[in-house]
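Undergrad: have a look at this fold, sequence not included:
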């Protein structure tokens, strides 16, 4: 499935290869060339949009491993991102340690906090777990807001720009390279994780956790691993976000953001590697479109003042509901259909 | 001592309102197995609708109350018919996330229609404080608690004696068997959503006539989740008992812990309770532990 007619695998390595044909490799190369030369012909504005998309893809990939592969719904993802962001900020700003230390520590701290809030997942699932992660979100944000001596509280905290070995990532284009390299690595790792023992265990747990347990999968262990990986990636994304925006407070990590992350992976397609990428690009582009078009519409039709603030959440909510009803497998599934029909054209099958 | 009595009375009465809102959740969960995470947003939009009727349109109180109930019924019907009906028999993950999408949509609609984020409702109840022993309690809380109690009573009578109420309990027990008996299950679903919306609307009106309309009302809905978790997801009795407990914990904790910890501890107490309950007794006080089979 998914290979052009006449392509046959003669050994195991060929069977397992992600990029199997020369066309695949050519397309991958073209993608990298376009991606990494983008700063040459994109303006600063679009680069910053691309940076935000990259960071969000990392976070959404983490959530996808947790929710899409392992089936553990987390509505506190923005909270875990906040843990990563603040860990990194405190380490680089208050302790003045290098950025890489902050990045790794951000991932580990967020992963550990995520594991703590994931412990109830051993005994409960579905709605109970969703509520436990909402509780996590509120407790984390409350601690951030009030632990003023460390986090700066409501006043916020400023974060120095990222720097690795003398190179400081200040401009949007230099940050673009940093973020995109990490994003590509994360997507690659996520793709491969899904094919390892752990990834297959996650899928088994998602599909039927009791059956998985009967088959000898240690539920507690694998659920906690899923929480750790998902929140580790959230922490990495948080750290990058902190160094990218430079100044933040807890307002950047609300419950609505957590819901939006879930919306992204649903729109993209749960349990696929390309899903988070499609979903994130879809939602972020929708946001761009709305910020661009809403004031314009308001001028023309003399709409009430709440239009610009209200239209965004309304459109996102509607998008989530419609995708769940009409295309629950998300854009990734549409992409598969498109590829299949393209490959078979002009024959129907 | 005075302080303690005051916290206790306020806590129990506010807790009654939480219990009322939580009942709406339990109703939907029991009959259709949908976890309604848009509860807070339902409270929010019905409070704003009350504001629209009473203040903006200037309608008399009785008419606007009738209209609010109608609005809640229509809202419940629309949500069930157009959002949840197409998702019947989908995995629980979709059922939870679709209500999240709904929550997003309602919150956007609220800030679209009522752009100012804070408003005050005219006082519905007399305001003079009442002296109970040494404590001074605002009368509004007692009125709110009384209304909640009356509604609890009416609902339990409804479930006990009314044909529809009995059908709803039967649906909660076994959907397939009920369908085989010729009871229209989809009708039960939309009834439960309509009732849930009415309960959320009543809770919203009571909350906002005391504390004004803010986005904090969404948190009222979230506190109702801690009531549900503590009481057990499928227990009406659990919700009614856990409501005042959460209210008490919130007020006592807010009163006595604030000097010891950071300010605002009151707001997270319900969430800390959620985590503790999930660690110790995940199915709540009265929740039914389901034994699953493969």
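TA: Nice, I can see it. For clarity, every value in this text was computed on a predicted model and none was experimentally measured.
Undergrad: neighbours of residue A:220, how many?
TA: By the criterion of other Cβ atoms under 10 Å in any protein chain shown, residue A:220 has 14 neighbours. (Each C-beta comes from the backbone N, C-alpha and C, glycine too.)
Undergrad: what sits against the nearest residue to it once chain neighbours are set aside?
TA: Sequence neighbours aside, residue A:122 is the residue nearest to residue A:220 in space, at 4.8 Å (criterion: Cβ to Cβ, 6 or more residues apart in numbering or on different chains). Residue A:122 makes contacts with A:219-220, A:223, as judged by Cβ atoms under 8 Å, 6 or more residues apart in numbering or on different chains.
Undergrad: again, but for residue B:225
TA: A:131, A:134, B:22, B:25, B:37, B:39, B:270, B:274.
Undergrad: list the buried residues for the strand or helix carrying it?
TA: Following DSSP states H and E, one finds residue B:225 within helix B:216-231. Of all the residues in helix B:216-231, those buried under the rule 16 or more other Cβ atoms under 10 Å in any protein chain shown are B:217-231.
Undergrad: just to revisit the earlier point, of the contacts of residue B:225, which belong to helices?
TA: A:131, A:134, B:22, B:25, B:39, B:270, B:274 (DSSP state H).
Undergrad: can you put these in CSV and add pLDDT and neighbour count?
TA: Shown next, in CSV, are the ones in helices among the contacts of residue B:225 (pLDDT from 0 to 100; neighbours: other Cβ atoms under 10 Å in any protein chain shown):
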residue, pLDDT, neighbour count
A:131, 89, 28
A:134, 91, 23
B:22, 92, 32
B:25, 91, 26
B:39, 91, 29
B:270, 90, 25
B:274, 90, 29
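Undergrad: hang on, the earlier thing: closest one of the contacts of residue A:122 to chain B?
TA: residue A:219 (12.8 Å; Cβ to the nearest Cβ).
Undergrad: tell me how many other residues surround the closest one.
TA: Around residue A:219 there are 16 residues (other Cβ under 10 Å).
Undergrad: next to chain A, which bits of the stretch 1-150 of chain B? Give me the list.
TA: Residues of the stretch 1-150 of chain B found near chain A (Cβ under 8 Å from any Cβ of the partner chain) are B:29, B:35, B:37, B:83, B:86-87, B:90, B:92-94, B:96-98, B:100-115.
Undergrad: now list the buried members of those residues.
TA: The buried subset of the residues of the stretch 1-150 of chain B next to chain A - by 16+ other Cβ under 10 Å - is B:29, B:35, B:37, B:83, B:87, B:92-94, B:96-98, B:100-112, B:114.
Undergrad: inside strands: which ones of these?
TA: The members of these all map outside strands under DSSP state E.
Undergrad: list the buried residues of stretch A:160-174.
TA: Applying 16+ other Cβ under 10 Å to stretch A:160-174 flags A:160, A:162-163, A:169, A:172-174 as buried.
Undergrad: can you give me the end-to-end distance of that stretch?
TA: Start to finish, the residues bounding stretch A:160-174 are 15 Å apart (Cα to Cα, to the nearest Å).
Undergrad: distance from the chain centre to that stretch, please.
TA: Distance of stretch A:160-174 from the chain centroid (Cα atoms, centre = their mean, to the nearest Å) equals 22 Å.
Undergrad: next one: stretch B:182-202
TA: Counting by Cα atoms, centre = their mean, stretch B:182-202 comes out at 14 Å from the chain centroid.
Undergrad: cool, and stretch B:57-69?
TA: Here stretch B:57-69 is found 21 Å from its chain centre; the criterion is Cα atoms, centre = their mean.
Undergrad: before we move on, back to that, could you dump the contacts of residue A:122 into CSV with secondary structure, distance to residue B:141 and pLDDT added?
TA: Converted to CSV, the contacts of residue A:122 look like this (DSSP: H, G, I helix; E, B strand; the rest coil; distance: Cβ to Cβ, whole Å; pLDDT from 0 to 100):
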residue, secondary structure, distance to residue B:141, pLDDT
A:219, helix, 45, 91
A:220, helix, 44, 90
A:223, helix, 43, 93
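Undergrad: doesn't residue B:136 fall inside a strand?
TA: Yes - counting by DSSP: H, G, I helix; E, B strand; the rest coil, residue B:136 is located in a strand.
Undergrad: for the nearest residue to it once chain neighbours are set aside, what are phi and psi?
TA: Spatial nearest neighbour of residue B:136, chain neighbours left out: residue B:129 (4.8 Å); criterion: Cβ to Cβ, 6+ apart. Main-chain torsions, residue B:129, degrees, to the nearest 10: phi -70, psi 150.
Undergrad: same deal with residue A:9?
TA: phi -100, psi 130.
Undergrad: now residue B:213
TA: Residue torsions, per degrees, to the nearest 10, at residue B:213 are phi -100, psi 120.
Undergrad: contact partners for it?
TA: Here residue B:213 is in contact with B:44, B:47-48, B:51, B:118-121 (criterion: Cβ under 8 Å, 6+ apart).
Undergrad: mind listing the helices in chain B by residue range?
TA: Under DSSP H, chain B gives helices at B:2-32, B:39-51, B:61-79, B:92-113, B:139-161, B:163-173, B:175-180, B:185-211, B:216-231, B:236-257, B:265-280.
Undergrad: got the ones you listed as TSV, with distance to residue A:22 columns?
TA: Compiled in TSV, the helices of chain B are given as follows (distance: least, Cβ to Cβ, whole Å):
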stretch	distance to residue A:22
helix B:2-32	53
helix B:39-51	52
helix B:61-79	52
helix B:92-113	39
helix B:139-161	68
helix B:163-173	59
helix B:175-180	54
helix B:185-211	54
helix B:216-231	54
helix B:236-257	63
helix B:265-280	53
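Undergrad: between the ones you listed, which gets nearest to residue A:89?
TA: Proximity to residue A:89 (Cβ to Cβ) singles out helix B:265-280 among these, at 22.1 Å.
Undergrad: which parts of the closest one are buried?
TA: B:265-275, B:277-278.
Undergrad: those residues: which two are farthest apart?
TA: B:266 and B:278 (20.6 Å).
Undergrad: between the ones in helices among the contacts of residue B:225, which sits nearest residue A:34?
TA: Distances from residue A:34 to the ones in helices among the contacts of residue B:225, taken by Cβ to Cβ, are shortest for residue A:134, at 39.6 Å.
Undergrad: what's the closest non-adjacent residue to the closest one?
TA: residue A:75 (4.9 Å).
Undergrad: confirm that the one you found sits in a helix.
TA: No - counting by three-state DSSP, residue A:75 falls outside a helix, being coil.
Undergrad: quick revisit: mind checking which of the helices of chain B is nearest residue B:287?
TA: Among these, helix B:236-257 comes nearest to residue B:287, with 6.5 Å by Cβ to Cβ.
Undergrad: chain center to that closest one, what's the gap?
TA: 14 Å.
Undergrad: stretch B:171-183 now?
TA: For stretch B:171-183, the distance to the chain centre is 26 Å (Cα atoms, centre = their mean).
Undergrad: cool, stretch A:260-268 as well?
TA: Counting by Cα atoms, centre = their mean, stretch A:260-268 comes out at 9 Å from the chain centroid.
Undergrad: what's residue B:228 in contact with, if anything?
TA: Residue B:228 touches B:22, B:25-26, B:29, B:238-239, B:242, B:284, counting by Cβ under 8 Å, 6+ apart.
Undergrad: pull the most distant pair out of the residues you listed.
TA: B:29 and B:242 (14.3 Å).
Undergrad: model confidence score at residue 288, please.
TA: Assuming you mean chain A. At residue A:288, the pLDDT value in this model is 92.
Undergrad: wrong one, I was asking about chain B
TA: Reported pLDDT for residue B:288: 76.
Undergrad: just for the chain, where's the confidence low?
TA: Looking at chain A here, since you left the chain open. In the predicted model of chain A, residues A:1-2, A:349 satisfy pLDDT under 70.
Undergrad: that's the wrong chain, I wanted chain B
TA: For chain B, the ranges with pLDDT under 70 are B:1, B:294.
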